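# After the sequence you'll find the predicted model.
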Amino acid sequence: MEINYRENRKPGNGFRRGVLLGIALLMTFLVREVQANPNGGAPTAAVIELNLKNTPLKKALKEIERQTNYHFVVNDSQLQDIQKEVTIYIRSQNIEEVLSILLTGTNVTYRIKKKQITLTEVTPHEKPAGVLTASAKTRPTGVAWVANQPLFVYEQPTMMATVVTGTVKDEFGSSLPGVNVVVKGTTIGAVTDAEGNFSLSVPNDDAVLVFTFIGYLTQEVVLNNQTTLSIQMEPDAKTLSEVVVVGYGTQDKKDVTGSVSVVKGSDFENIPSGGAQQALQGRAAGVNVVRNGGAPGNAGSIRIRGLGTVNNADPLIVIDGVPAGSMNDVNPNDIESMDVLKDASASAIYGTRAANGVVLITTKRGKFDDKLKFTLNAYTGSSRRIKTIDVLDAPTYTQLKTEAYTNDTPDGSTIPAIWKDPQYQTQKTNWQDEVFKRGTTNNIDLSIRGGGKYSSFAISGGKYDEKGIIGKSYYKRYTFRINSDHKIGEKLKIGQSLQFTNTNSNSDISANAPNAPSAQTGLLWSAIRFHPGLPVKNPDGTYSSSIPGFGDINNPLYTIDVQDVNYARNRVLGSVNGEYEIIKGLKVKANLAMDASFLDSHNFEVKVDNQYRQTNYNQLTLTNEKYWAFLQEYFLSYNKEIGDHQIGAVAGYTSQTFKDIYSKEIGREFPSEDPTLRYMSQAGTIVNLGSDNGGRTYDALQSAFGRVNYAFKDRYLLTATFRADGSSRFAQGYRWGYFPAFSLGWRLSEETFIKNALPFFSNLKLTGGWGQLGNQNVASLQYLALIRNGGTYNNYALGSDPQSQIKGSAQARIPNPYMGWETAQMTNIGLDAGVLDNRLLFTLAYFIKDTKKMLLSPPSLGTLGKASIPDQNVGQMRNKGLEVEVSYRKTTGDLTYTLSGNATFIKNTVTQLLTPGSFLASQTYGRTDQEITRSYVGNPYGTFYGWRADGLYQNQSQIDSDPNIAKDSRRTDGLIHPGDVRFVDQNGDGVIDDKDRVILGNPNPKVTYGINAGLGYKGFDLNLFFLGVAGVDLYNADRMQGLNAAYSFNMYQEATGRWHGDGTSNSIPRMSATDPNLNFRTSNLFVENGAFFRLKNITLGYTLPRTVSETLRLSSARFYVSGQNVFTITKYKGLNPELGYAEGNRSGGQYTQVNVDYAQYPLSRTFTIGATLTF
């Protein structure tokens, strides 16, 4: 494969400049469109002026019709207040503000649909106390102001001596415009503006203000001499239903029959977060975001309702309707909501890749007829390590190593001379202190949103810069997003979404380098083990080096200093969609999208000749990867209400193609290591990589789908979904999979007998569903044989002369043309409940997920030579569990408090593998070269597997009388001594060997939970977020190695508690330089309780009073301080109990290893200070 690289380049710069130039032009156009009408409407939007005195309300409506294109539908016989007289002066106001004023104190409400306004009678909140009057000459006393425009003036202005101002927000803390504010018992009132602000004069300091808004409960607030108020409205369960994104459409939450969790952007918009994936952690039942360490930019892994497959178990991520691979490229502040589809009924519309669940991300968009709004959010933070591993100082290290050699040879003849050298017995360096440093986090993003009559838009850009706490680790992300929507006539709508992301880091985030979790060469691993009697640098300024006997590792500070790694990635995710209403209720929609990613990496390794681990040459490795995915979707949607029947349907077609091109080049023997000359053209040798120099893949998916929703009397619900998927990863005849799903719902709270028997329930719904989903996340083209030439296939000997060899080819992989879809079958039963007018909400869900025909790769067979074996549909796995979500929200005057929590209980079981007695094994570790985890049928996936220890031998008599080793040759050979581990003979044959290995622990948590607590009072807000795990085991492999004196490396401080005489210890073995009993093999001695309870985040904020922010020419201003990973309660002895997946997903025939501690990059404690300004 031919590879061409440009020299002296920074990856992606030209491409980035071109994209940014085009974006800047589009941004300029849209901003100008909105600026043409700063009040938010189009230049021709209706503006109303009224100057009426003692005029019937009906005539006022006629005057509005004359000035605008609106038409009123009024039934005079039903609306008695229509003849009431008003005296009013209004200038330059829109229709909503005018109607809110005119109808204040009446029993009339309105509904606007297109150009028709319908007036209807409602039960009045307040009976009018008199005639609404106004006088244009009375200012400012008695004037209610909105957006700096006088609205109306009441009679008796001399009574109004106090001006009250305030802000009204919804249940999520967002500004709520259009709220009616009335002084109880009067017609004095105002309407909140676009920012939720109001101002009005009151007759006395003890007046009562009444706040009303459609869909929210009426609130009454006694002033008690207050002049500034902050009001948070509570939803009215009877009139307001949350809208849930369900894939190819939305539904009212009350009508949803599948299992869906919703995380609003407002839940985390005020909490600093490096990525969307981190923001999701702990906020939804059944969703576990497992951090794979704390390296900058590390997103972790999402698992929905447990680990459902040994293959790629990541959920499908859909961003603004486009299936996309990564959600961490999205700026968290751009997110409107994240809807998690967890069961088959909710997910089946995405059949192909929905077996592991679906996360639907909806980003913020502009609103039509909305004023231009700028929001600036910025914060800066400092990070520190949370803890370190206590290791031995130089004198104690020398003492224990000497003891180890003496235990093996009491005369001390085997003690190396270096352990007697006094220069290494003086403490010189705490290597963890040197490797750990202060990290920093800086973020700034700016958004602009607004809209005219026919177009709306949202533009945002941001920069996130994180420097880690180890070495020179860093992660930088630049984001730019533009969303717009347009109306063309009455029936046609078009929209677009465009996201551009540029990331740079000095680590391959997927591998968590430079402290790779599956390698024993990471920086932290080295810092724990490097000799404490060595200085950072020698007197001549060179870095110190280990020597034979001190361990074959390099000085970690040297490794940091010479590191030259950069991964640069540019990503563009864009879509264009259109919607046309054919007839009322019937719409045709289309969506075209592209997801393109371009990765360039640069890794220069210097020639190492002054460290223990040396290299004979320097080396530059360049990789380049280009990825494209193209999507096209066409579908019809139909909604119709016929009497008590509500019908909704969607049907469509979608196809997506994927193309990936990868190339790699390695050059060696550079004459100069000058950083400015590290280009491939300078290499003395270009390495022949053979077939490893690159490749390309092409995959395609094609699908047809349909969904029907039916509701009868708004209480009996049905959802049925079907999807057919075809995948190019399977052979002809096996490409298509068919995935049905259905669910039922019963809104018990709408039944009369429930209302009478259980009146305290404002909502009560029972749901149940079943369905199937597919998974095709395996390597492509496994149905074809792979033939390779060169490399290990060169040496064919022909004839009698064995030296006569010719080049040839051989089969590298045998085919499996019968491989098909992996299938997940799901059953779900749910209960939704609300009491206290839905202030207290409760959700309960029980689920069973059976993964069948699981694609597994069996071990290679010697009879097939070096040919690899393709995946086969031979495995099964089950997850069953219970999800609980509870939330409570209450507002009392200026005080608002919220409390919510979620918990997930899951049991995972492997139910079938290739053959009886077979197992799945992880990679091996340590000098015993044995895997730490195995997966057997009937047990959870990834269980820890090894020998069970029963304490330590305290004396020789215990060894001589132990039946566990009655026939063990090691005992007769004198290889077992007091202080060694007593291993249990599980099969009773009197010998400790591989047959005695058993399951030691379960790395899959029984319970994961999250708790959110919020408090708001007069501009102050406090939010606490707790995260916890219970019923989980961790394997501390680093501790297993850190207590073993057979290694030359430094050891844990805990080694001082080792056995050194009868009764001194029953858990930490004796010191031994040879370890003949293999005391540090995989055993339950290193299985620890991994449960933890962590204050993940605490944020304290203050929003300036409106009067102050207006003085600063701001709509609002909020300042906050935040702490991340503030404290953790755990019994785990390692650095961090959040370990995650040590190997990522399946690779090289090995299977995912969960919750094994290899000294991964730990989480840090971070404190930030920031501000959010709106203007």
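Received, thanks. Numbering: from 1, shown residues only.

# contacts and neighbour counts: CA atoms only from here.
Noted.

# show me the residues around the residue nearest the centre of the chain that make contact.
For the chain, the residue sitting closest to the mean C-alpha position, by CA atoms, centre = their mean, is Q277 at 1.6 Å. By CA atoms under 8 Å, 6 or more residues apart in numbering, the contact set of Q277 is V289, A299, G300, I302, M327, N328.

# Just the pLDDT at it, thanks.
Predicted confidence (pLDDT) for Q277: 87.

# rewinding a little: strands - which of the contacts of Q277 land there?
Residues of these located in strands (DSSP state E): V289, I302.

# By neighbours, which of the contacts of Q277 wins?
A299 (25 neighbours; other CA atoms under 10 Å).

# Could you list the low-pLDDT ranges of the stretch 101-250 of the chain?
For the stretch 101-250 of the chain, residues meeting the criterion pLDDT under 70 lie at 105, 113-114, 122-161, 172, 236-241.

# 80 instead, please
Across the stretch 101-250 of the chain, the ranges flagged by pLDDT under 80 are 101-116, 118-161, 171-174, 187, 194-195, 214-215, 234-243.

# where exactly do the strands run in it?
Counting by DSSP state E, counting those that start in this stretch, the stretch 101-250 of the chain has these strands, from start to end: 108-113, 116-121, 143-146, 149-153, 162-169, 180-183, 189-191, 197-202, 208-212, 219-222, 228-232, 243-245, 250-252.

# Switch these over to CSV; also include mean neighbour count and distance to F1080.
Listed next are the strands of the stretch 101-250 of the chain as CSV, based on neighbours: other CA atoms under 10 Å; distance: least, CA to CA, whole Å:
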stretch, mean neighbour count, distance to F1080
strand 108-113, 15, 75
strand 116-121, 15, 80
strand 143-146, 23, 74
strand 149-153, 22, 79
strand 162-169, 20, 60
strand 180-183, 22, 72
strand 189-191, 28, 73
strand 197-202, 25, 67
strand 208-212, 20, 69
strand 219-222, 17, 67
strand 228-232, 23, 60
strand 243-245, 19, 52
strand 250-252, 13, 56
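
# closest to P410 out of those strands?
Each of the strands of the stretch 101-250 of the chain was scored for nearness to P410 using CA to CA, and the closest is strand 243-245 (73.2 Å).

# What pairs with that closest one, parallel or antiparallel?
Strands that pair with strand 243-245, judged by DSSP bridges, come out as strand 250-252 (antiparallel).

# what sits up against the strand it pairs with?
Taking CA under 8 Å, 6+ apart as the criterion, the residues outside strand 250-252 that touch it are S241, E242, V243, V244, V245.

# Just checking: what are the partner strands of the helix or strand following that strand?
Using DSSP states H and E, the helix or strand that follows strand 250-252 towards the C-terminus is strand 260-264. With DSSP bridges as the criterion, the sheet partners recorded for strand 260-264 are strand 335-341 (antiparallel).

# Let's see the partner strand as CSV, backbone CA atoms only.
As requested, the backbone C-alpha atoms of strand 335-341 are provided in CSV (Å, rounded to 0.1, in the frame of the first residue of the first chain):
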residue,chain,number,x,y,z
ILE,A,335,-27.4,19.5,25.0
GLU,A,336,-31.1,20.0,25.4
SER,A,337,-31.8,16.5,26.6
MET,A,338,-30.5,12.9,26.6
ASP,A,339,-33.2,10.2,26.2
VAL,A,340,-32.1,6.7,27.0
LEU,A,341,-34.1,3.9,25.4
